[in-house]
Structures are given as C-alpha cells and as structure tokens.
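Enquirer: With the sequence up front, the predicted model follows.
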Amino acid sequence: MTLGVFPFLAAALVSLASATTITMVPIYEPLSLHGTDGDEVITDTGEALQATVMARPMALTGALPETLVDSIGSPHKIPTNNPNYKVLEANLLVLCNIGLTAELSGDGLHVRLDVSKLAIPLEVDLTSRQVLKLAIVAIRKTLEEYQKPQTGGLTVLIEVIGVDQVKASLADLSAKILLPGGGG
C-alpha cells in the first residue's frame, strides 16, 4: 500500500463517522411551573398542579425510540423575555433527580424510572407520585408521536426502580402501555 492511499482512507472513515441521521422530533417533558404566575394547571393526570407536560422540538440522532425516551430527562432551561424569570431548570426529572433509561428488546421497549436518588426541591410543590405520573404522561405522549408513522404497534413496559422502604408505594406506578402504529 502506498502512502497516497492513507489520506483517502482517512477521509472515507471521517465521512462514515459523520454520516448519521439527525431527526427533528417533539419531546414531551414534565415541567415545573415554579417561578411563573401560572396557577395550578389541570394536567393530563386530571390534577390541578403547578406543573404540566409540554413538548419541545429537539434534533436527535441515535437509536429510536430509546433516544426519544432518554431525551425526556434532558435539562430544560425555559427561554424567556422577562429578566425577572430566573429559573435555571424546569424539567421535573432533572429537578427531582429521577433517572430515565430505555432499552428495546424482543418484547417491547423497557423504560426505567430510577427513584433511588429522588429528592423534591422545596420550590417544587408536588409529591413524588405526582412527578412520576407526569413523567409517565410525557413518556406516553412522546412515544405516541413516534408511533404515528409506524406500521406496527409498540409495547412499552414502564418500571419504577430504586425504591426503598420509604418509596415502596411508588413501585405500583409501573405500567404496560400498548401503542398502536398509525401508519398504513
């Protein structure tokens, strides 16, 4: 092999490494409304809370639907035009130290909400159960959007892990969700 081949090989490897697909998708997140004047929004869980589930656009690359679920737990500083709004983080999963992972297997998508480090900050006027219910709504809504163009259904197994004696009652929020495909 001559030395002239190495630059071509290096360029080909760089090209392959950067040949990833970037997709713009809506990611629903459980958001705290602390620091706003929004009084008790009626949420998708049917409760009046100072929290909500909303979508934001994200440009993602990686394995779908796993990356979608992982992104629900990403930090979210809400943009504002008001200098008095000083909230640095609004995503309840980040604020409350709840881990979120997803893994696709033969029997569906396994989503794990890890509550082992769960701690509700004083400014967040919610219970652990309310935060987890909002997170489950965010997971469901994000995956419903993903499923719209899919031809097959998706089974989603949501498991609350990291429970101890104090958090044992949260394990009953584990759920199995069947999402049909919307595409034809």
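Expert: Yes, it's here. Note that the coordinates shown come from a computational prediction; the quantities given were computed from them, not determined experimentally.

Enquirer: all contacts plus neighbour counts: C-alpha atoms, from now on.
Expert: Will do.

Enquirer: List of residues touching stretch 72-85?
Expert: 27-29, 35-36, 87-91, 93-94, 99-100, 138-139 (Cα atoms under 8 Å, 6 or more residues apart in numbering).

Enquirer: buried ones in it?
Expert: 72-73, 75-76 (16 or more other Cα atoms under 10 Å).

Enquirer: on that earlier part again, most neighbours, which of the contacts of stretch 72-85?
Expert: The most crowded member of the contacts of stretch 72-85, judged by other Cα atoms under 10 Å, is Glu29 (30 neighbours).

Enquirer: Assign a three-state SS to that one, would you?
Expert: Secondary structure for Glu29, judged by DSSP: H, G, I helix; E, B strand; the rest coil, is strand.

Enquirer: residues touching it, list them.
Expert: Contacts for Glu29 were tallied using Cα under 8 Å, 6+ apart; they are 53-56, 72-73, 91, 135, 138-139.

Enquirer: Equivalent analysis for Gln147, please.
Expert: Per Cα under 8 Å, 6+ apart, neighbours of Gln147: 153-154, 179-183.

Enquirer: pLDDT value on Thr45, please?
Expert: We have a pLDDT of 63 for Thr45.

Enquirer: how much space between the nearest residue to Pro26 once chain neighbours are set aside and Ile158?
Expert: Excluding its sequence neighbours, the residue lying closest to Pro26 (Cα to Cα, 6 or more residues apart in numbering) is Pro57, at 4.5 Å. Distance, Pro57 to Ile158, using Cα to Cα, to the nearest Å: 23 Å.
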